[in-house]
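Asker: predicted model and sequence below, questions to follow.
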Amino acid sequence: MRVRFAPSPTGHLHIGNVRTALFNWLLARGHGGTFILRVEDTDAERSTLESDTSILEDLRWLGLTWDEGPDIGGPVGPYRQSERLGAYQSRAEQLLAQDRAYYCFCTPEQLDAERKHQLANNLPAKYSGRCAVIDPNEAARRVQSGETAAIRFRTPQNREVTFDDLVRGPIAFHTDVIGDQVLLRADKSPAYNFAVVVDDGLMGVTHVVRGEDHISNTPRQLLIYEALAFTPPRFGHVAMVLGPDHTRLSKRHGATSVDEFREKGYLPEALLNYLALLSWSPGDGQEIVPLAEMAKRFSLSDVGHSASIFDEEKLAWVNRHYLKDAPHDRLASLCAPYLQRAGYISGNLSPEGVAFLVGLVPLVNVSVDRLDQTPFRLKQLFEYSAASALMQPDIRGEVGTDAARQVIGALAAELEISPRLVDKAMFRGLADRVKQKSGQKGRALFHPIRIALTGAGDGPELDLLVPAMEKGAGLETSAGFVAIAGARERATEFSARLKS
Ligand code: GLU
């Protein structure tokens with residue numbers, strides 16, 4: 001089995017295309033096949049090197065590794081269409097010589113007028129065949145004498161082109177609706193349908209999985225396969241990914257490209273798992289299916305025909321599963337850029353700083369949907385101001401009672417004489433002592449403690465947060481973090497302000 005993913009480098013990698021790449025990759029990996037990456041950059045106006053580079057980078061980030069491709073080469077390269085122009089040229093000449101193609105001298109203005117006429121008269125938009133009747137020798141002479149010409153395919157008349165789609169079953173098109181398509185443009189650049197057939201043919205591609213927006217191209221390509229005497233691959237067309245309003249997923253709906261999802265802090269394995277689930281299921285209702293398992297279980301016959309609606313909440317749900325399981329040191333390094341941007345990391349992290357960050361992961365990974373929510377989740381660790389907390393009327397009200405004042409007074413006094421509470425047991429021990437001293441328990445005990453230590457009425461579990469602030473308070477500046485106030489400093493400040 002030889003499959004390929006053939007992106008056009010005209011923008012960012014769209015997640016609809018990622019799903020196509022993923023299905024091809026799963027087929028190859030599940031069948032001991034070869035996954036080829038081919039860059040379709042013949043549209044010189046729209047293709048950019050920047051997009052080419054970012055697509056490869058995004059695929060690497062996703063872990064969709066390829067066996068042959070533009071960067072690593074392979075036995076049937078090159079793998080960028082702009083480097084394969086000779087192959088298209090020679091195949092087009094072969095078809096000319098066999099009279100399966102002809103020179104077309106029509107000018108853009110003529111073609112435009114033709115299209116307008118067809119549109120106005122409700123006729124199918126296809127080439128009139130004006131140049132199909134020019135004597136081939138005459139046409140060759142005109143080209144020799146310097147006239148520019150495209151090369152068009154001579155579409156066989158009155159034929160039915162059929163194929164058995166791997167996702168959608170039997171599909172038939174009549175050649176009446178297919179005009180004589182351009183193979184090579186006057187500037188010698190190949191048309192998509194031609195380049196793709198020459199490439200898939202020469203690269204020995206056996207299965208093509210792509211979006212259903214290509215279905216009408218498939219009969220056109222099959223005719224070219226036949227003319228070039230290539231064995232055609234099997235085709236599978238997967239339904240489009242739509243936005244909640246049932247139109248094709250686009251910028252209007254929010255994030256659509258891989259780099260945007262990476263930026264938001266989704267894990268690549270979650271994105272892939274979710275994209276597969278959009279139109280595939282392993283059959284037993286299982287929703288969390290890691291990549292390696294997916295490769296074993298994936299089959300095109302289990303891919304649904306109907307369009308799928310992209311639902312970011314479901315993606316977030318999948319992401320949470322993977323966040324829970326991911327190694328803490330990996331998550332720590334993924335969180336670091338967000339903390340840097342928030343100003344919480346101020347320099348290079350020392351080994352001590354890295355260890356501290358890894359220790360913060362349990363505060364984050366079971367609580368956020370996405371890693372870009374990390375700074376907000378850790379805000380109470382890095383930012384503390386008793387003054388601004390006490391300016392809020394609800395906070396003032398909550399700590400204004402005698403019971404709360406007693407708790408906070410006892411808390412400040414106990415912390416004054418406590419070592420740093422660097423683990424949960426130490427924090428619980430302190431809470432016990434405050435309980436004894438103040439006579440309060442339950443919410444009446446913990447709520448004032450929370451407010452005094454964080455400046456807010458809710459937030460992360462104190463069992464985790466307090467040891468984190470205590471360790472943070474002991475960090476050297478060289479660890480790379482901004483200064484973190486410890487529990488003692490917080491309680492002293494809060495209690496003093498409360499009294500004033
Ligand atoms: N370059 C085409 C695209 O991005 C590839 C289509 C195909 O897989 O044949 O749509």
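Answerer: On my side now, so go ahead. Residues are numbered from 1 along each chain as shown.
Asker: what ranges do the helices span in the stretch 101-250 of the chain?
Answerer: 108-120, 136-144, 192-202, 217-228 (DSSP state H, counting those that start in this stretch).
Asker: one more: the stretch 251-400 of the chain?
Answerer: Using DSSP H, counting those that start in this stretch, helices in the stretch 251-400 of the chain cover 258-264, 268-277, 291-297, 312-325, 328-341, 351-364, 374-377, 379-382, 386-390, 393-399.
Asker: what comes up buried for the fifth one?
Answerer: This points to helix 328-341. Buried residues in helix 328-341, defined by neighbour count with 16 or more other C-beta atoms under 10 Å: 331-332, 334-336, 338-339. C-beta coordinates here come from the backbone N, C-alpha and C atoms, glycine included.
Asker: just checking, what packs against that helix?
Answerer: helix 351-364, helix 374-377 (3 or more C-beta pairs under 8 Å, 6 or more residues apart in numbering; DSSP states H and E).
Asker: reformat the ones you listed into JSON lines and put distance to P75 and mean pLDDT next to each item.
Answerer: Shown next, in JSON lines, are the helices and strands packed on helix 328-341 (distance: least, C-beta to C-beta, whole Å; pLDDT from 0 to 100):
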{"stretch": "helix 351-364", "distance to P75": "44", "mean pLDDT": "98"}
{"stretch": "helix 374-377", "distance to P75": "45", "mean pLDDT": "98"}
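Asker: of those, give the one that comes closest to G16.
Answerer: Closest approach to G16 among the helices and strands packed on helix 328-341 is made by helix 374-377 (28.3 Å; C-beta to C-beta).
Asker: how about the closest one: buried residues?
Answerer: So for helix 374-377, counting by 16+ other C-beta under 10 Å, buried means 374-375, 377.
Asker: which bits of this structure sit near the ligand?
Answerer: Contact residues (C-beta under 6 Å from any ligand atom) of the chain with the ligand: 6-8, 40, 196, 210, 214.
Asker: any chance you could map the strands in the protein?
Answerer: Ranges of strands within the chain are 2-5, 34-37, 101-104, 150-153, 160-165, 169-174, 182-184, 207-211, 234-238, 241-242, 308-309, based on DSSP state E.
Asker: helices or strands up against the second one?
Answerer: The elements that strand 34-37 packs onto, with contact taken as 3+ C-beta pairs under 8 Å, 6+ apart, are strand 2-5, helix 15-30.
Asker: quick one: distance of the shortest one to the chain centre.
Answerer: Which is strand 2-5. Counting by C-alpha atoms, centre = their mean, to the nearest Å, strand 2-5 is centred 19 Å from the centre of its parent chain.
Asker: now tell me what touches that strand from outside.
Answerer: 17, 20-21, 24-25, 27-28, 33-38, 59, 64, 66, 200, 203-209 (C-beta atoms under 8 Å, 6 or more residues apart in numbering).
Asker: what about burial for those, which qualify?
Answerer: In the contacts of strand 2-5, burial by neighbour count holds for 17, 20-21, 24-25, 27-28, 33-38, 59, 64, 66, 200, 203, 205-209, counting by 16+ other C-beta under 10 Å.
Asker: highest mean neighbour count out of the helices of the stretch 251-400 of the chain?
Answerer: When the helices of the stretch 251-400 of the chain are scored by mean count of other C-beta atoms under 10 Å, the highest mean neighbour count falls to helix 268-277 (a mean of 22).
Asker: ok, back up a step: which of the helices of the stretch 101-250 of the chain sits most buried?
Answerer: The most buried one of the helices of the stretch 101-250 of the chain (mean count of other C-beta under 10 Å) is helix 192-202, showing a mean of 22.
Asker: check which helices and strands that one sits against.
Answerer: helix 85-97, strand 182-184, helix 217-228.
Asker: in CSV: the ones you listed, plus mean pLDDT.
Answerer: CSV is the format used below for the helices and strands packed on helix 192-202 (pLDDT from 0 to 100):
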stretch, mean pLDDT
helix 85-97, 98
strand 182-184, 97
helix 217-228, 98
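Asker: any chance of those in CSV, plus distance to A239?
Answerer: Below are these laid out as CSV (distance: least, C-beta to C-beta, whole Å):
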stretch, distance to A239
helix 85-97, 31
strand 182-184, 29
helix 217-228, 15
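Asker: any regions of the stretch 1-150 of the chain where pLDDT drops low?
Answerer: Within the stretch 1-150 of the chain, no stretch has pLDDT under 70.
Asker: show me what residue of it gets nearest to the ligand.
Answerer: Closest contact between the stretch 1-150 of the chain and the ligand, by C-beta to the nearest ligand atom, is at E40 (3.7 Å).
Asker: tell me the contacts of that residue?
Answerer: By C-beta under 8 Å, 6+ apart, the neighbours of E40 are 6-9, 81, 192, 195-196.
Asker: ok, the single nearest residue of the stretch 401-500 of the chain relative to the ligand to F356 distance?
Answerer: The ligand sits closest to G480 of the stretch 401-500 of the chain, with a gap of 42.7 Å, by C-beta to the nearest ligand atom. According to C-beta to C-beta, to the nearest Å, G480 stands 9 Å off from F356.
Asker: and for A21?
Answerer: A21 sits 38 Å away from F356, taking C-beta to C-beta as the criterion.
Asker: among the helices and strands packed on helix 192-202, which comes closest to I134?
Answerer: Judged by C-beta to C-beta, the one of those that comes nearest to I134 is helix 85-97, at 12.3 Å.
Asker: residue contacts, the closest residue to the ligand within the stretch 201-350 of the chain?
Answerer: Nearest residue of the stretch 201-350 of the chain to the ligand: R210, at 3.7 Å (C-beta to the nearest ligand atom). Contact partners of R210, counting by C-beta under 8 Å, 6+ apart, are 6, 20, 235-238.
Asker: 6 Å instead?
Answerer: Shown in contact with R210 (C-beta atoms under 6 Å, 6 or more residues apart in numbering): T20.
Asker: check Y266 too.
Answerer: 319, 370.
Asker: from memory V364 sits against T374, does it?
Answerer: Yes. Applying C-beta atoms under 6 Å as the test, V364 and T374 come out as touching, 5.3 Å apart.
Asker: how many neighbours does P7 have?
Answerer: Other residues within reach of P7, judged by other C-beta atoms under 10 Å, total 23.
Asker: look up how far Y192 lies from it.
Answerer: Counting by C-beta to C-beta, the gap from P7 to Y192 is 13 Å.
Asker: try V289
Answerer: From V289 over to Y192 (counting by C-beta to C-beta), the distance is 34 Å.
Asker: so A149 touches F105, yeah?
Answerer: Yes. Contact criterion C-beta under 6 Å: A149 and F105 qualify, at 5.1 Å.
Asker: between the two, tell me which one has more neighbours.
Answerer: Taking neighbours as other C-beta under 10 Å, A149 and F105 compare with A149 leading, 19 against 16.
Asker: give me the residue from the stretch 351-500 of the chain nearest the ligand.
Answerer: R370 (27.9 Å).
Asker: pretty sure A403 contacts K441?
Answerer: No. A403 lies out of contact with K441 (C-beta under 6 Å); the separation is 10.5 Å.
Asker: what touches both of these two?
Answerer: By C-beta under 6 Å, 6+ apart, no residue touches both A403 and K441.
Asker: in CSV: the buried residues of helix 328-341, plus pLDDT and distance to L421.
Answerer: What follows is those, written out as CSV (pLDDT from 0 to 100; distance: C-beta to C-beta, whole Å):
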residue, pLDDT, distance to L421
L331, 98, 24
A332, 98, 22
L334, 98, 28
C335, 98, 24
A336, 98, 25
Y338, 98, 27
L339, 98, 23
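Asker: perfect, that will be all.
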